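K.L.:
Give me a model of this one.
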Amino acid sequence: MVKLAEAFPDAAIVSTLSTQLSWSHMVAIVALKNPNARQFYAQNAAQDGWSVRELNHQIERKAFERTELSSLQAPPSVQAEPAQALGTSPAQVFKDPYFLDFLSLRQGHDEADLEAAILRQLEAFILELGRGFAFVERQKRMVIDGEDFYLDLLFYHRRLRRLVAIELKLGRFKAAHKGQMELYLKWLDKHESQAGEEAPIGLNLCAESSREQVELLQMHKDGITVAEYWTELPPKAELEQHLHQALIEARERLAMRGVLLDRDEDA
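P.N.:
From the prediction side, this is the model:
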């Protein structure tokens, strides 16, 4: 009870959460050291109706850290506050990396194998994507200048009210992938978006990200996010260290970019 009072000193917040979360939820949340993580998991558990088991699953699989790492791709003006509920803005929808260990992929798989495995395990894939995603279509055909193009996976996000295009890449992210996704999003916006919907957004899901390229390209301005996918999970301590180091490096690159921008403005 003392830890709960220290973690959530605002009585109004505690009163609201207590009507939506059990004591077991609160025990799991107050054990977290990071106050932003406590706010994140409390608000998401309440918003999406997570069971205690699902809450612990999200904590173990570092949903907060992965959402924060993905949001750092966005310019500071549109980056999500870590304490806000997941899924209320495009910057909060995605994670980095995605854990696809449930796919049980064989060595030497190709993109078709990856896509087929995702469709076989679609429920698990949607759970990993997060609440609000609804599957629309695979290999979405688009005819542009008489040529056929195919988008790997098309989803719809109910809270954001927009289509979400997902491209699967076996190798490392390349700058050319941005142009491809931009083309797909423009086509979807013109031919598939319905009245009242926001512009489509895209996710390039790669075996390996190129974080500096992604930040230099400022892809969030075009509604595009890049994230890695992992088909095998490392031990817990190694996973924590990897995500911690990735967050440090992302913040350092953002800080350096801010310094360079300031210098350019002063010049």
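K.L.:
what about the most centrally placed residue in the chain, distance to residue 228?
P.N.:
With distances taken as C-alpha atoms, centre = their mean, residue 94 lies nearest the centre of the chain, 1.4 Å away. The spacing between residue 94 and residue 228, counted by C-beta to C-beta, to the nearest Å, is 11 Å. C-beta here means a position set from N, CA and C on the backbone, and glycine is covered the same way.
K.L.:
Also residue 24?
P.N.:
On the measure of C-beta to C-beta, residue 24 and residue 228 end up 33 Å apart.
K.L.:
out of the two, which sits in the busier spot?
P.N.:
residue 228 (22 against 13; other C-beta atoms under 10 Å).
K.L.:
beta partners of the more buried one?
P.N.:
Listed beta-bridge partners, residue 228: residue 206 (assigned using DSSP bridges).
K.L.:
so what's it up against?
P.N.:
The contact partners of residue 228, taken as C-beta atoms under 8 Å, 6 or more residues apart in numbering, are 96, 97, 98, 205, 206, 207, 208, 209.
K.L.:
Test my guess that residue 46 contacts residue 20.
P.N.:
Yes. The pair residue 46 and residue 20 qualifies as a contact (C-beta atoms under 8 Å) at a distance of 4.0 Å.
K.L.:
Which one's more surrounded, those two?
P.N.:
For residue 46 against residue 20, the residue with the higher neighbour count under other C-beta under 10 Å is residue 46, and the figures read 17 against 14.
K.L.:
list the contacts for the more buried one?
P.N.:
When the contact criterion is C-beta under 8 Å, 6+ apart, the partners of residue 46 are 16, 17, 20, 21.
K.L.:
Not counting its neighbours along the chain, what's nearest the first one?
P.N.:
Read that as residue 16. Once its chain neighbours are removed from consideration, residue 16 has its nearest residue in residue 46; the separation is 7.7 Å (C-beta to C-beta, 6 or more residues apart in numbering).
K.L.:
helix or strand for that neighbour, which one?
P.N.:
When secondary structure is defined using DSSP states H and E, the element that contains residue 46 is helix 35-48.
K.L.:
what angle do the helix or strand that that helix is followed by and helix 35-48 make?
P.N.:
Elements were assigned by DSSP H and E; along the chain past helix 35-48, the next helix or strand is helix 52-60. Going by axes from the mean of the first three to the mean of the last three C-alpha atoms, to 10 degrees, helix 52-60 is angled at 140 degrees with respect to helix 35-48.
K.L.:
so after helix 52-60, what's the next helix or strand?
P.N.:
Scanning forward in sequence from helix 52-60 by DSSP H and E, the next helix or strand is helix 63-71.
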